[in-house]
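Asker: Whatever this is, show me its structure:
(one chain, ligands or ions: 1)
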Amino acid sequence: MRLPGRHVVLGVSGGIAAYKSCILVRRLREAGATVDVVLSRGGARFVGPLTFEALSGRPVATSLWTPGAALSHIRLAQQADLVLVAPATANLIARAALGISDDLLTAILLARTGPVLVAPAMNDRMFDHPTTQANIAALLARGWVTVGPDVGSLAEGDSEAPGRMSEPETILAHAGRCLDRRPPLNGRRVLVTAGPTREALDPVRVLTNRSSGKMGYRLAEAAWRRGADVTLVSGPSSQVDPVGVEVRRVESTADLHREVSALLPSSDVLMMAAAPADFQPVESAPLKRPKPEQETMLALRPTKDILSSTRELRRGDAVMVGFALETGGAIEKARRKLEAKAMDLVVVNDALEPGAGVEVDTNRVVILHRTGEAKTVPLQSKTDIAEAILDEVEVVIGRRASAVPETAG
Ligand SMILES: Cc1cc2nc3c(=O)[nH]c(=O)nc-3n(C[C@H](O)[C@H](O)[C@H](O)COP(=O)(O)O)c2cc1C
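Answerer: Residues are numbered from 1 along each chain as shown. Predicted structure coming up:
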């Protein structure tokens, strides 16, 4: 997550989870954000201002009544890119919902017109109370965003009901989405596929490939941060489920085909970053095959091509993005693939180039448009490559929306 140059006001109110906000300040700063911490009266009883001052590297505000900072509530409310309240107590949420502004934090919230993200944390019965629920509904109706609470252990013991503040990493991801969501991807349904698939030779052996899933996972994260509703269909991968993304795990190319077929009719964008196994054994043995005594032949047949065989399920205005991993002559092969599979964009990379292709964290790609344009993206992290690909997806959506005919050239 990167938030360079972003200014975040972090409000901390009086719950046990205030200790987790110390980690949150660290994470926000590691992401490049400037953080101004504002403590409510309750918040200051749990973690002292000195701790937050040391962590944020900036003075910590606790009062409306500070000489020399008479209008800091208005200044902070207007200057911040994001106001984030974590933890948000039942009391803080109630005061914010009613427009009470009897301390610095609630005064900032009342003067705020830009994005606000709230991370409730409280006893599960306090959270479930109709008053708290009505107060949260009032904040959501105002356009504020909430993250959590999660189910899990609370200060007073384990609970099966929501109440626990979301983890700092989850809050950080939601902060990124609050800051980066924007048209045209905001609210769109994006389907991403990632990773390899596996074809069983027998119950313990598989045919697969070296795909790590990294490119697809970075795309899913980036599309979610731009505001899309993202479903990621992933073959076996050690990548961690991205925050906010619905992840469906699959094994074989047939499984991947089934999920894509089910999701494609409701998708605005498909990004096929998976590397499905192209062959499957003609026979998958029900028991482990014995080790061969001598050279042996394995009969293989091609698996179903997912992009071609699901073509009739695509919505007419959907944007199709394919990936072409080649070893030599990549651009020409990719152009043929783009035409044959009726895609809008093909992301081409060469597996033989150092630092590009499968397993590594970096890539160097060329993004081909159906119109003939080609954008070369130099060697960089897959996180940055994902952003570059989504920029081109936005170009295609934008052109379609303004009905500018896409001409070759
Ligand atoms: C030990 C302790 C833990 C508390 N934890 C929470 C909590 O997690 N969530 C909550 O809503 N209130 C919690 N409270 C109650 C709030 O601290 C109380 O409502 C306070 O008035 C909130 O003040 P504030 O709005 O200035 O932050 C806790 C109180 C105590 C004494």
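Asker: Just the element for residue 334, please.
Answerer: Remark: residue 334 resides in helix 330-340, with elements defined by DSSP states H and E.
Asker: who's in contact with that helix?
Answerer: 308, 322, 324, 326, 343, 345-346, 348-350, 366, 368, 370, 374 (C-beta atoms under 8 Å, 6 or more residues apart in numbering). Every residue, glycine included, has its C-beta placed from N, CA and C.
Asker: so which residue of this protein comes closest to the ligand?
Answerer: Residue nearest to the ligand within the chain: residue 42 (2.5 Å; C-beta to the nearest ligand atom).
Asker: which element is residue 363 on?
Answerer: strand 362-369.
Asker: where does this structure have its least confident helix or strand?
Answerer: Of all helical and strand segments in the chain, the minimum by mean pLDDT, DSSP states H and E falls on helix 72-79, at a mean of 88.
Asker: Confirm for me that residue 264 is in contact with residue 191.
Answerer: Yes. The criterion here is C-beta atoms under 8 Å, and residue 264 meets it with residue 191 at 6.7 Å.
Asker: Of the two, which one has the most company?
Answerer: residue 191 (27 against 19; other C-beta atoms under 10 Å).
Asker: Looks to me like that one is in a strand.
Answerer: Yes. Under DSSP: H, G, I helix; E, B strand; the rest coil, residue 191 sits within a strand.
Asker: what do residue 264 and residue 191 both touch?
Answerer: In contact with both residue 264 and residue 191: residue 270, using C-beta under 8 Å, 6+ apart.
Asker: these two touch, right, residue 152 and residue 165?
Answerer: No. Using C-beta under 8 Å, residue 152 makes no contact with residue 165, being 9.7 Å away.
Asker: between the two, which one's more packed in?
Answerer: Taking neighbours as other C-beta under 10 Å, residue 152 and residue 165 compare with residue 165 leading, 28 against 16.
Asker: can you pull the contacts of that one?
Answerer: 15, 17, 20, 86, 87, 119, 120, 121, 148, 149, 150, 171.
Asker: redo that, cut-off 7 Å
Answerer: Contact analysis of residue 165 by C-beta atoms under 7 Å, 6 or more residues apart in numbering lists 17, 20, 86, 87, 119, 121, 148, 149.
Asker: do the same with residue 103
Answerer: Here residue 103 is in contact with 40, 41, 64 (C-beta under 7 Å, 6+ apart).
Asker: Show the backbone phi and psi for the closest residue to the second one other than its chain neighbours.
Answerer: In this case it means residue 41. Once flanking residues are discounted, residue 41 sits nearest to residue 103: 6.1 Å by C-beta to C-beta, 6 or more residues apart in numbering. As for residue 103, its main-chain torsions (degrees, to the nearest 10) stand at phi -150, psi 180.
Asker: Then residue 380?
Answerer: According to degrees, to the nearest 10, residue 380 has phi -160, psi -180.
Asker: if we can go back for a sec, looking at the contacts of residue 103, which gets the smallest pLDDT?
Answerer: The member of the contacts of residue 103 with the lowest pLDDT is residue 64, at 85.
Asker: so where's the longest helix in this protein?
Answerer: As assigned by DSSP state H, the longest helix anywhere in the chain is helix 382-401.
Asker: If you count contacts, what does that one end up packed against?
Answerer: For helix 382-401, the packing partners by 3 or more C-beta pairs under 7 Å, 6 or more residues apart in numbering; DSSP states H and E come out as helix 214-225, strand 319-326, strand 345-350, strand 362-369, strand 374-381.
Asker: switch to 8 Å and redo it
Answerer: With contacts taken as 3 or more C-beta pairs under 8 Å, 6 or more residues apart in numbering; DSSP states H and E, helix 382-401 sits against helix 214-225, strand 269-272, strand 319-326, strand 345-350, strand 362-369, strand 374-381.
Asker: Give me the residues contacting that helix.
Answerer: For helix 382-401, the surrounding residues in contact (C-beta under 8 Å, 6+ apart) are 2, 184-185, 188, 214-215, 218-219, 221-223, 226, 268-269, 271, 317, 319, 321, 344-345, 347, 361-363, 365, 367, 369, 375, 377, 406.
Asker: Now do that helix: distance to the chain's middle.
Answerer: 15 Å (C-alpha atoms, centre = their mean, to the nearest Å).
Asker: Quick one: list the elements packing against the helix or strand harbouring the residue of the chain closest to the ligand.
Answerer: For residue 42, the host element (DSSP H and E) is helix 41-46. Other elements packing on helix 41-46 under the criterion 3+ C-beta pairs under 8 Å, 6+ apart are strand 7-12, helix 18-30.
Asker: and the ones you listed as a markdown table, adding mean pLDDT, distance to the ligand and mean neighbour count?
Answerer: Listed next are the helices and strands packed on helix 41-46 as a markdown table, based on pLDDT from 0 to 100; distance: least, C-beta to the nearest ligand atom, whole Å; neighbours: other C-beta atoms under 10 Å:
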| stretch | mean pLDDT | distance to the ligand | mean neighbour count |
| --- | --- | --- | --- |
| strand 7-12 | 98 | 8 | 26 |
| helix 18-30 | 98 | 8 | 21 |
